[in-house]
Each structure stands twice: as C-alpha cells, then as structure tokens.
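Q: quick check, what structure comes out for this input:
(3 chains)
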Amino acid sequence: MTATLFWFRKGLRLHDNPALLATIAEAHTLYPVFVIDPALVTPERVGANRLAFLLESLAALDSSLRRLGSRLIVLRGEPVACIARALAEWQIARLGFERDDEPYARQRDRQIVQIATERGIAVRTLPGHTLYDPAASIAAAGGRAPRTYQAFLKLLAQLGPPAAPCPAPGALPPLGPLAGAIPRAIPSLAELGHPSATATLHAGAGGEGAALERLSAWLADRPRVAHFAKPDTDPTAFAPPSTTTLSPYLKFGCLSPRTFWSALQQIYAEFPDRTQPPVSLLGQLYWREFFYTLAWETPNYDRMVGNPICRQIPWEDDPARLAAWEEGRTGYPWIDAAMIQLRQEGWLHHLARHAVACFLTRGDLWVSWEAGQRVFERWLVDADWCLNASNWMWLSASAFFHAYHRVYSPVAFARRTDPGGQYVRHFLPGLARLPDRYIYEPWKAPLAVQREAGCLIGRDYPAPIVDHDQARVRNLERMRSAYAAG
DNA sequence: TTGCTAGTTGGAAGA
DNA sequence: CTCTTCCAACTAGCA
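A: Have a look, this model is predicted:
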C-alpha cells in the first residue's frame, strides 16, 4: 500500500488541479493536508478578512473532499516540521504539491523536498497557479523574461494557448488509515487571536464553489465581459464594484487561471469587436502572468536594494506620515476613504490602489513603496506577493512606469467619476453632510459650512498633512534627481 | 551603435 | 459635458 500525502497550500480547489491529479493517480491511500503556519496568521501579518477568507476556503475544500469520501487534515505549526513529522508518522511513500514560486515558498519547499528525498519518499510537484510555467516561458524567451508587457504578449503569441484545464477528480483514494484519529481542526478566527471579519464584499464567500459561482455570475453579462476596459472602470463604485473582484480566488487558487482563460475565450468568440490586452479582461490575466514570469527570475523582487529592475530612490522613513496614511487620516477625503475601505473590506478598486500608492510615495508623502507594500500585504484579501510588489514598483515609478510627472490628484481624480462624493460619504460618514463642492477638499469650506455639516476641520476631521501642490512640485524635483542619478 | 517608436489607466486649460 | 492640446518625459524593444 502506497500512502500518499497531498499538501494543499495555494491551489485550494479540485478543478484544474494537475498536481492533485498526478498525485492521486499513484496513490493507494491519501492524506490531504493543509498547514496553518502560526507565524503567518498573527494580526500583524494578516487582517481578519483575509484570514477568514482562507478559513472559509479550507472549510469548502474539506466539504468537497468529504463528498468524495475523503477530508482535509488541518495541521498547525511550522510547515516544514509539520510535514516532516506527518511523513514519518503516517509512513508516507509519496508526497505531492502544487509548485509555489514565491521566494518564501521556494525556500520552504526546498527543505521539505530534501527531507523527503533523504527518506526515500517520492515527490511529485507540478505548476498550476499560473497559465504557463514561468520557467518554461523564460526558456522560450531565450533565457530572459520580457521587461515590457508588449514584449510579453509577443512571447505569449509564440507560446500558443495555455494547456486546457483538467477535470476535477471524480473519485479519490481512501483516506490514510491514521487520518481517522485526527480531529476536524479548522480553527476559528478567535482561536487564532483575531477579531471577527468585517468584510462585506467577500464575507462568507471563500472557497472554490463561491469562486466558480462568482465567475459564472460575472460572465453572464457577456457584452460587458467582451467590452471590458480596465482603465474605464469606476474606482469609486463600491456597491457593487466595477470590476470582477475575483482576485482573492486567484490569490488562493480557489479559481484556476486556466479555467478563467477558457471561459473568456468562449465569450470572445461571439464578439469580434471585443477589447484587447492590455485593457481587456484577458489582458488582466496576462498582467498577472507577466509579473509572475518576471518575478521568477528577479532577485529581491519585493525590495528596492539589490533589485535589478527597481530604480533606487531616496525615500524618507516617516512613521507619522505612514501611520496617518494607513489609518485614513491624511486630511484628503478620497485617500482616507480608500484606506478605510481597504481596512474594512480588504479590497480596493485597482485605480484606488493607484491613488493611495501614488500619494504615499512619489506623489505626496515620499515614503518608501516597501512600507506601503507591507500595509497592503496585511489588509488586502487578495494580497499576492508578486502582484503587490509589481504594482508598488509601478506606482512609485520604480519600475515598468516612468512618466513620474503624471501624479494623481487626491482632489480631482475621484471627482471625475463621483462628483457627489458618494464613496467618501459612505466610508467617512463624518463628512457625509458636507456640500458636494467641498467633499474632496473640506478644509476650503467656510467655517459656517463646516458647522452646518457638523464637521469642523481640525476637530472632527484632520487638516491636510501636506499641501498637495507644494509636495507634488518638490517630489517631482526629487524624482528628477533620482532618475538622473540612476 | 544609434535612432526611432510606443507605452493599460494625469491634469489643467480651452474650444 | 466631451474633446483636444499642451505640459515635460523615460525606457525597452527593435531595426
């Protein structure tokens, strides 16, 4: 009898899971395992909303496995030690998992593969988190990942369509004999030291089933899918948002990118006038792929120093400014409302992320993008190591994007799509009674208007921590110097 | 080597 | 309200 352990990490799904299929094909008995690493679930590292989403995804996976006569075994502890112990206790002969290309995961997986190999355990890994295997894409590109999106699209054309999604398993090997003794152990948020989740957008919606339902629901409006243009979507729309909000499912692998890709192709076939990458929905999947591919070969991808694609810029450490930004008290309602939405819902529209990221770094506060990256990493339900680093480099004009003189206005930008300030009024109820005219710059409201609205600047809502026009001019000069020095 | 082109998503002012 | 123009500007990719 060959006892096999399949280790779920990302890829929390049964559909299109090549590593799982390959692993169970050779198994007589199976131990499906997930490990909760206590170091990664502290409130300092992860907000309650993302942790709740993960726990829901695990519960959904457990239910799916049970329908096939199996179950999910949730272990808690340092992952390498946990898996090593399980391999020994359950006399595992084969280990399988989906490859994870993040540096932390690569390091972790190297250790467990070494331990398994030393003990004579066969290890089976396959990629499944991206459309293509980044290593294979780079090899096809001649050993160097493209540095621009357009060059990456050319590479994709050369690669041809990604592999078709594989079916979910119709049956699973019986549970390993020792699994019966292990209690069902998906912990609660409270057990992990967290308050309850506050999300409205993704509340109670973790897991593969919800992912596929939300995908179907979004795809049902076929003209909208075919004509989707990301830059034209509304960053101030929040009930409902103007984009798919599928990102958390892709982050945890509740949704396969290849399943998404295939579904899009079917719709695109009906619409000759569909939008194209980079702005189309397919283009969004390709941005993800582009960044994953480049990150695979770039050292220190989530840092400025030692990162060969990142411009070296003398950001200034300023804990007070950083805290004001993170806590939504910069005095700019559009920025503050977005930061409140981030913390309440764990989600922000892409362009709202742009606005707050530009504000923290090159636009206004001149604080390092790495500090902002850590804040997003904590609060976003869809926090994705590679995409988070990529977009912070983009917005801070450290890589990919170089037109640093283009600075988002914290006053004018949101006014274009939301002149009445409904978004601000929702997330900053203290400002709700201000007239439209002052909703994005309340410090300009005459005192009588502030009193009438029940919102005195400096008492009920902060005055701006920087003068945007002055900060912008000063920072443009600093960017010019940094670019010249580079 | 050099020159040329194109690049997901700005803002202000004016027609 | 929508469109155009100007501002000031850098890089990767390619011929």
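
Q: how about the residues of the stretch 201-350 of chain A that lie near DNA strand C?
A: residue A:309 (CB under 7 Å from any atom of the strand). C-beta: built from backbone N, CA, C; applies to glycine.

Q: rerun that using 10 Å as the cut-off
A: A:294, A:308-309, A:311 (CB under 10 Å from any atom of the strand).

Q: now the stretch 51-200 of chain A against DNA strand B: closest residue?
A: Nearest residue of the stretch 51-200 of chain A to DNA strand B: residue A:149, at 3.8 Å (CB to the nearest atom of the strand).

Q: next: the stretch 351-486 of chain A.
A: For the stretch 351-486 of chain A, the residue closest to DNA strand B is residue A:409, as judged by CB to the nearest atom of the strand, at 3.2 Å.

Q: what are the boundaries of the strands in the stretch 1-150 of chain A?
A: Here the stretch 1-150 of chain A has its strands, by DSSP state E, counting those that start in this stretch, at A:3-8, A:29-36, A:73-76, A:94-98, A:122-126.

Q: put the alpha carbons of the last one into CSV.
A: It refers to strand A:122-126. The C-alpha trace of strand A:122-126 is given here as CSV (Å, rounded to 0.1, in the frame of the first residue of the first chain):
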residue,chain,number,x,y,z
ALA,A,122,9.0,10.2,-4.0
VAL,A,123,8.0,13.9,-4.5
ARG,A,124,5.6,15.0,-7.2
THR,A,125,5.2,18.7,-8.0
LEU,A,126,3.5,20.5,-10.9
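
Q: ok, and what's touching that strand?
A: Residues lying outside strand A:122-126 but in contact with it, judged by CB atoms under 8 Å, 6 or more residues apart in numbering, are A:18-19, A:22-23, A:26, A:93-99, A:109, A:113, A:116-117.

Q: let's go with 7 Å and repeat that
A: A:18-19, A:22-23, A:93-99, A:113, A:116-117 (CB atoms under 7 Å, 6 or more residues apart in numbering).

Q: helices along the stretch 351-486 of chain A, start to end?
A: Assigned by DSSP state H, counting those that start in this stretch, the helices in the stretch 351-486 of chain A fall at A:369-379, A:385-395, A:412-417, A:422-427, A:447-453, A:468-485.

Q: what about the second one, near DNA strand C?
A: No - Helix A:385-395 lies out of reach of DNA strand C by CB under 10 Å from any atom of the strand, never closer than 12.0 Å.

Q: would you mind giving the helices of the stretch 351-486 of chain A as a markdown table with mean neighbour count and mean pLDDT added?
A: A markdown table is the format used below for the helices of the stretch 351-486 of chain A (neighbours: other CB atoms under 10 Å; pLDDT from 0 to 100):
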| stretch | mean neighbour count | mean pLDDT |
| --- | --- | --- |
| helix A:369-379 | 22 | 97 |
| helix A:385-395 | 23 | 97 |
| helix A:412-417 | 18 | 94 |
| helix A:422-427 | 20 | 97 |
| helix A:447-453 | 14 | 98 |
| helix A:468-485 | 14 | 93 |
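
Q: okay if I get those as a markdown table plus distance to DNA strand B?
A: Putting the helices of the stretch 351-486 of chain A into a markdown table (distance: least, CB to the nearest atom of the strand, whole Å) gives the following:
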| stretch | distance to DNA strand B |
| --- | --- |
| helix A:369-379 | 14 |
| helix A:385-395 | 6 |
| helix A:412-417 | 4 |
| helix A:422-427 | 15 |
| helix A:447-453 | 22 |
| helix A:468-485 | 8 |
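
Q: now distance to residue A:121 too, for these, in CSV please.
A: Listed next are the helices of the stretch 351-486 of chain A as CSV, based on distance: least, CB to CB, whole Å:
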stretch, distance to residue A:121
helix A:369-379, 33
helix A:385-395, 28
helix A:412-417, 55
helix A:422-427, 51
helix A:447-453, 67
helix A:468-485, 50
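
Q: next, the contact list for the residue of the stretch 351-486 of chain A closest to DNA strand B, please.
A: Contact partners of residue A:409, counting by CB under 7 Å, 6+ apart, are residue A:468.

Q: quick check: pLDDT value at it.
A: If you check residue A:409, the pLDDT there is 96.

Q: before we move on, back to that, between the residues of the stretch 201-350 of chain A next to DNA strand C, which has the most around it?
A: residue A:294 (24 neighbours; other CB atoms under 10 Å).

Q: export the strands of the stretch 1-150 of chain A to a markdown table and tack on mean neighbour count, distance to DNA strand C and mean pLDDT?
A: Shown next, in a markdown table, are those (neighbours: other CB atoms under 10 Å; distance: least, CB to the nearest atom of the strand, whole Å; pLDDT from 0 to 100):
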| stretch | mean neighbour count | distance to DNA strand C | mean pLDDT |
| --- | --- | --- | --- |
| strand A:3-8 | 24 | 35 | 98 |
| strand A:29-36 | 23 | 38 | 97 |
| strand A:73-76 | 20 | 43 | 95 |
| strand A:94-98 | 24 | 28 | 98 |
| strand A:122-126 | 16 | 28 | 98 |
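
Q: helices and strands around the longest helix anywhere in chain A, which ones?
A: Scanning chain A for the helix with the most residues, using DSSP state H, yields helix A:48-67. Contacts defined by 3 or more CB pairs under 7 Å, 6 or more residues apart in numbering; DSSP states H and E place helix A:48-67 against helix A:208-219, helix A:247-252.

Q: residues in contact with the shortest one?
A: The one in question is helix A:247-252. A:10, A:12, A:53-54, A:57, A:202, A:211, A:255, A:257, A:381-384.

Q: what do you get if the cut-off is 6 Å, keeping everything else the same?
A: Under the criterion CB atoms under 6 Å, 6 or more residues apart in numbering, residues A:12, A:53, A:57, A:202, A:211, A:255, A:381-382, A:384 lie in contact with helix A:247-252.

Q: mind listing what the residue of the stretch 51-200 of chain A closest to DNA strand B touches?
A: Listed by CB under 6 Å, 6+ apart, the contact set of residue A:149 reads A:278, A:290.

Q: any idea how far it lies from residue A:450?
A: 46 Å (CB to CB, to the nearest Å).

Q: equivalent analysis for residue A:172, please.
A: For residue A:172, the distance to residue A:450 - CB to CB - is 64 Å.
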